[in-house]
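Student: Sequence below, structure please.
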Amino acid sequence: MTNVGLPFPQIKSEGAKVSLEWDEALSQINKIIDCLRVSKVRHLDVFQSLNMGGCKNIALSLPDQTISLYDFDLSVIDDKPVTAKIKMRMDAIGHNQFFTATNGTPFFTATDGTPFQDYEDVLRSNLISCLHAIGIISE
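Tutor: The predicted structure follows:
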């Protein structure tokens, strides 16, 4: 358990019975993305394709069922990595085909000037996939 709720992998392993309507889940995801955009933050440690457990650093508070992100130690503010480790993560994600914009150009690198929109599209898709994978979204 984190301060913001039950981590997604733990929800599945403990068999917690939670369910969000599609509209509510999408609304919460969009609010998270809006907050990240306004804050100019890119959380780099929540993506499934990094083969690090999938749906990492995403939690759901119970009983109010609020989705949240946590553990921002691998994040970038204003597209400026503060450590070599974070720069390496940005570059690795930027060259992973899953994290490629629709026109085929990589993003997440600090120097390519990619818009936040590309990041937000992938983040939204990943969060929805995570919700489906653990059976939280009801349609």
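
Student: Ile67 belongs to a strand, doesn't it?
Tutor: Yes - secondary structure of Ile67 (DSSP: H, G, I helix; E, B strand; the rest coil): part of a strand.

Student: what about the residue nearest to it when sequence neighbours are not counted, how many neighbours?
Tutor: Leaving aside its chain neighbours, Ile67 sits nearest to Gln28 (4.6 Å; criterion: C-beta to C-beta, 6 or more residues apart in numbering). Every residue, glycine included, has its C-beta placed from N, CA and C. The burial count assigned to Gln28 is 18, neighbours taken as other C-beta atoms under 10 Å.

Student: same deal with Asp34?
Tutor: Asp34, neighbours per other C-beta under 10 Å, totals 11.

Student: same deal with the one 3 residues further on?
Tutor: The burial metric for Arg37, expressed as a neighbour count using other C-beta under 10 Å, is 14.

Student: tell me the secondary structure for it?
Tutor: With three-state DSSP as the basis, Arg37 sits in helix.

Student: Next one: the residue nearest to Ile67 relative to Val46, how far apart?
Tutor: 14 Å (C-beta to C-beta, to the nearest Å).
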